[in-house]
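Student: Make a model of this:
(2 chains)
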Amino acid sequence: MTGDRLLNVSDRWFRLLLRLYPMDFRDEMGDSVVEAYRDRAREARARRGVIGVAGVWVHALVDTLRNGPGERARPAVSWRRTGNWARDAEFATRRLRRSPAMVAAVVGTLTVGLGMFAVVYTVVQKVLIQPLPYTNPDDLYFVWRDYGPIFELKRGWLAGTDIAELQKAGGVIEEAVGLGRQLATFAVREGADPSEISVISTSPALFELLGVSPALGRSFAPTEVGPGRPEVIVLTHELWTRLGADPNILGQDVRLNGQPFSVLGVMPRDFTFVRHASLGPPQPADAFITFPVNLAETSPNGGSYGALIRAPPGTSPPVVASAVDAVGRIVDARDFDSRGLKLYPVGLKPDLVSDVRPALLVLGSAGVFLLLVLMVNLASVLLARAAQREHEVAVSRALGADGAAVARATLFEGGLLGLLGGAAGAVVAIWGTRALVALAPLNLPRREAIAVDWGIGAAVAGIGVLLGLLAAIAPATWAARTSLATLLASSAVRGGGGHGRMRSGMVIAQVALSLVLLTTGGLIVRSFDRLLRADPGFRPEGVLSIRVPIPAQFHPDIEDARAVQERIEQALAAIPGVTGVSGVNSLPLTASANQTTIGIEGAPGNTGNPEQDRPLVDWIVARAGYPEVMGMRLLEGRTFDAARREGVQEALIDDHLARQFFPAGSPLGAKIPFAEGSLTVVGVVAQARLYDIHEDGRPQLYVRAEDTAFRNLFYVMRSSRPPESLIPEARAAIRAIDPRLAAVDATTLDQIVGDAVRQQRLSAVLIAGFALGALVLAAMGLFGVISGSVTRRRHEFAVRLALGADHGRVLRLVVGDGARLVAAGLLIGAPGVYLAGHLLRSVLVGVSPLDPSTLTAVALGLGVVAMTACYVPARRVLRLEPAESLRQE
Amino acid sequence: MDRNRRGDLPLRAVEFDILLSLAAGERHGYGIIQDIQSRGMTPVPDVGTMYRALARMAESGFIEAAARRRAPDAGDERRNYYRITAEGLRVAKVAARRLEAITHAARLGGLLPRAAK
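Tutor: Okay, the predicted model is just below:
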């Protein structure tokens, strides 16, 4: 092989190796690299012959393997490869810095919009999406009973025997626990200040089932349940902290209703648990004890147990459902003569969030709409900016500049503005979320977990960037297409560039989106207004309520307890300003009453169908004067007198029961078999609504407190003073009677009404905010388009005026253009309104989703705002002086 | 361009070696490697490493391409020559002064034998 041939082969090898380098490096440096290798190879050949050259080859391979990929990975190079992004970015940033007012306006808008979106996104993410803090939470299910054929109760508690049966079932029901709950008077030790805590009584396996272990101590042993079980208690971290976070608390005795319980463990800080309720909000837990009874030995017809089961990981819900159904059939046959009562499971998460899900979905969708409005708004701003550079771009493109560079600059502007807005929005959302949680319904699931975290912040910033980039696509493509020829052609007719049509399109989109948001907002606000105007069946203003449980441990004899209740009522009545006091076991709008079925033998309304003639009713225990203090309406007869009649158990029924059993006659004096005795109807009242503020719930039956053994009563006081101001005096009066009693839940009835409509209030405020924001943005867009068109068509208008058109005609021409855009937007938005109405159906109260008056009002309002946004800039044509204007050209 | 003003950042070893070679006059690529080799510096940069550094430094404005011309030391073939720019010289001097200061400190600290005066 001659020397030169060897070197030529070398060159080919080196050129082959070069392919490992990125193309631009090859272009720039490739020849030099090969030459340098060739020099080195020549030198090696001179010194060591072919062996030396081979050594250079190997060396070159190693060198290239190291440097080629390294060069490819250099970010600056990959930028350079697709054009000079760094320089584009620099120019774009510089241009943005030159118009701080525009940047401030855009970033401000994005901050508010994305901030609102971030708040809603946080709530939806934390409540609906984020898994519960248990092991494999998707395999946990609550089990409920559907009383379907017997009475209208779809989500009833289970009896202890049902839970024992679930525990026996095996198969996909890996584990089952029962959940009872009591409010207990709690003291760290005998004689310490009493408070009331919520205690969950459960089966020992609860914590293993959830997959969470105590942070301190241990959980219940499998044997620590049933009669004679050790009295042990597991505290939540929150209660333990409230008690002073004593690390030596294990083994100490605390008092529940005066009874000593030894502290067995303390749960970890992030552990929370709520018992889902048959009706009403989930019940939080402060502490856990085990059942003092053997569930299998309890009565199959009583008991209010929640049931929680776990399935093996990944079991599909239908499989769990059929396993639970099988158990349901066993107990239906054994305890209910196979009348068709069913058991069914609901996933823990769906069960928890089912109430708020529709509202959150509406809010989330409204948030997405808001994002779309923001995006279109940003797009039209970017388009306007790109249009300002129309001449510059066209000329530089004619001179051979890269068309893509303009597009890149616009994309970069969009992305950067979006990033700034998103980041600022995430920061704003931190406070926004706190404010929202403070306003949120107290029973909003996972309330404590709702806060902006890093993941959400990053997601919102990312959404901002994405929104900016998407918004920039249309303007960027338009800018990249701009050429001198089209510019000259368009300026010749003074119609402006093609961006005019694009901006009009954006305005139409904005109007359409605003229409949907405004209708949604309008309907929700109207629905909320209906709620506020609803008559709940009582007069809440001026009423304070306070609850005083009287544990059996303090007053074992029920007669003693009733005497204490009497003394409490008298003491409260003696507070200056109090005009009436009574007691009740469940307050309106709190969904907290007990249920039972009743029948009235021989009543004219009976149909003969035993299931229909024994309706399920809410029975409420009240003391004398309750309807009067609450301001309920008495329809017939009388209420409970202060004096009781010996041997008579009095009852009040509501108008629903009166109508069912006595459609024509009077129910007064009718006898209702109840518990072991019989009630005598003495009056008919209108419902003080127990569930929803806007509609009656189940039929109601009021029983005298003295005829029952209820130890846990709310005392309601009507007063001429502001009810809050009674609280200290009421507490002092109760302490004076028995210092061991805890006076809890002091609240005004106005607050209870407020809490009942909190969720709707929040939705109304948020969605109204979204809708108004969208309206303002749409008006701004319209203003911009009309204003730009007046500027651009000045020449045309001047010619028209010069040729004899009057100013009014030209004005109508401009405003007419705007009106066409608005009309197009309204038309396009109409199907959206229809679809949004569909989604809204489940959250609206007393308003049809296609409520004509709301729709008309929204369309008119939007039209008026939009036409104002057209008219104000259009008026400039009135000042147009044709002569002067034409001379300028 | 202003984003290339990184003169006060410490230079990488290979960059300093290249500037040092070019400070004495224009050279082509392999000439630089030979020069570095002749100074007894180890490790001598590989061809790929050096050209990547050359590309970066040209971008930064420390060096620039000189005319392509015949190289007597490369079989009289034509080669691309490079020369140092004023900015490159300034940066190299800053780096050299730092090295001098470090060397001085190292002598005072006993890491290097004291120079015989």
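Student: where does chain A have low pLDDT?
Tutor: Residues of chain A meeting the criterion pLDDT under 70: A:1-3, A:73-87, A:396-397, A:399-404, A:442-443, A:482-499, A:888-889.
Student: what sits against residue A:640?
Tutor: Residue A:640 is in contact with A:622, A:623, A:624, A:625, A:626, A:650, A:652, A:682, A:702, A:704, counting by Cβ atoms under 8 Å, 6 or more residues apart in numbering or on different chains. Backbone N, C-alpha and C define where each C-beta goes, glycine included.
Student: Looking at these, which are in strands?
Tutor: Judged by DSSP state E, the subset of the contacts of residue A:640 located in strands is A:622, A:650, A:652, A:682, A:702, A:704.
Student: The fourth one is in contact with residue A:649, isn't it?
Tutor: No - no contact is recorded between residue A:682 and residue A:649 when judged using Cβ atoms under 8 Å, the distance being 10.1 Å.
Student: who in chain A is up against chain B?
Tutor: Proximity of chain A to chain B (Cβ under 8 Å from any Cβ of the partner chain) is limited to residues A:21, A:25, A:28-29, A:31-33, A:35-37, A:39-40, A:42, A:59-60, A:62-64, A:66-68, A:70-71, A:76, A:86-87, A:90.
Student: Narrow those to those that are buried.
Tutor: Among those, those buried by neighbour count (16 or more other Cβ atoms under 10 Å in any protein chain shown) are A:21, A:25, A:28-29, A:31-33, A:35-37, A:39-40, A:42, A:59-60, A:63-64, A:67-68, A:71, A:87, A:90.
Student: picking up where we left off before, between residue A:682 and residue A:649, which one's more packed in?
Tutor: A direct count of neighbours by other Cβ atoms under 10 Å in any protein chain shown for residue A:682 and residue A:649 places residue A:682 higher, at 23 against 19.
Student: For the residue in chain B that chain A sits nearest to, the count of nearby residues, please.
Tutor: Nearest residue of chain B to chain A: residue B:48, at 3.3 Å (Cβ to the nearest Cβ). Applying other Cβ under 10 Å, we find 27 residues neighbouring residue B:48.
Student: all helices of chain B, in order?
Tutor: Under the criterion DSSP state H, chain B contains helices at B:13-23, B:29-38, B:47-60, B:86-108.
Student: Export these as JSON lines, with columns for mean pLDDT.
Tutor: Supplementary listing: those in JSON lines, determined by pLDDT from 0 to 100:
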{"stretch": "helix B:13-23", "mean pLDDT": "87"}
{"stretch": "helix B:29-38", "mean pLDDT": "86"}
{"stretch": "helix B:47-60", "mean pLDDT": "85"}
{"stretch": "helix B:86-108", "mean pLDDT": "86"}
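Student: for the ones you listed, which one sits closest to residue A:710?
Tutor: Residue A:710 lies closest to helix B:47-60 among the helices of chain B, at 85.2 Å (Cβ to Cβ).
Student: Contact residues of chain B facing chain A?
Tutor: Neighbours of chain A within chain B, by Cβ under 8 Å from any Cβ: B:1, B:3, B:28-30, B:33, B:46-52, B:54-55, B:59, B:74-75, B:77, B:79-80.
Student: Now a PyMOL select for only the buried ones of those.
Tutor: In PyMOL, this line selects whichever of the residues of chain B next to chain A come out buried by 16+ other Cβ under 10 Å:
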select buried, chain B and resi 28+29+30+33+46+47+48+49+50+51+52+54+55+74+79+80
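Student: In chain A, which residue sits nearest chain B?
Tutor: Nearest residue of chain A to chain B: residue A:67, at 3.3 Å (Cβ to the nearest Cβ).
Student: ok, now which ones touch that residue?
Tutor: Counting by Cβ under 8 Å, 6+ apart, residue A:67 touches A:21, B:46, B:48, B:49, B:52.
Student: about what we covered before: tell me which of the helices of chain B sits nearest to residue A:827.
Tutor: For the helices of chain B, the distance to residue A:827 is smallest for helix B:47-60, at 55.9 Å, taking Cβ to Cβ.
Student: Just give me how far the closest one sits from the chain centre.
Tutor: The chain centroid and the centroid of helix B:47-60 are separated by 11 Å, computed with Cα atoms, centre = their mean, to the nearest Å.
Student: What of stretch A:604-622?
Tutor: From the chain centre to the centre of stretch A:604-622 is a distance of 38 Å (Cα atoms, centre = their mean).
Student: Over to that stretch now: how far is its first residue from its last?
Tutor: 28 Å (Cα to Cα, to the nearest Å).
Student: Do a quick rundown of the strands in the stretch 101-250 of chain A.
Tutor: Applying DSSP state E, counting those that start in this stretch to the stretch 101-250 of chain A gives strands spanning A:140-146, A:175-187, A:195-202, A:216-217, A:232-235.
Student: What helices and strands are in contact with the second one?
Tutor: This points to strand A:175-187. Using 3 or more Cβ pairs under 8 Å, 6 or more residues apart in numbering or on different chains; DSSP states H and E as the contact test, the elements touching strand A:175-187 are helix A:160-169, strand A:195-202, helix A:206-210, strand A:253-256, strand A:306-310.
Student: Run through the neighbouring helices and strands of the third one.
Tutor: If I follow you right, that is helix A:206-210. strand A:175-187, strand A:306-310.
Student: The same query, at a cut-off of 7 Å, please.
Tutor: The helices and strands touching helix A:206-210, judged by 3 or more Cβ pairs under 7 Å, 6 or more residues apart in numbering or on different chains; DSSP states H and E, are strand A:175-187.
Student: Next, the angle strand A:195-202 makes with the strand it packs on.
Tutor: Strand A:175-187 runs at 160 degrees relative to strand A:195-202, counting by axes from the mean of the first three to the mean of the last three Cα atoms, to 10 degrees.
Student: Perfect, I'm done here.
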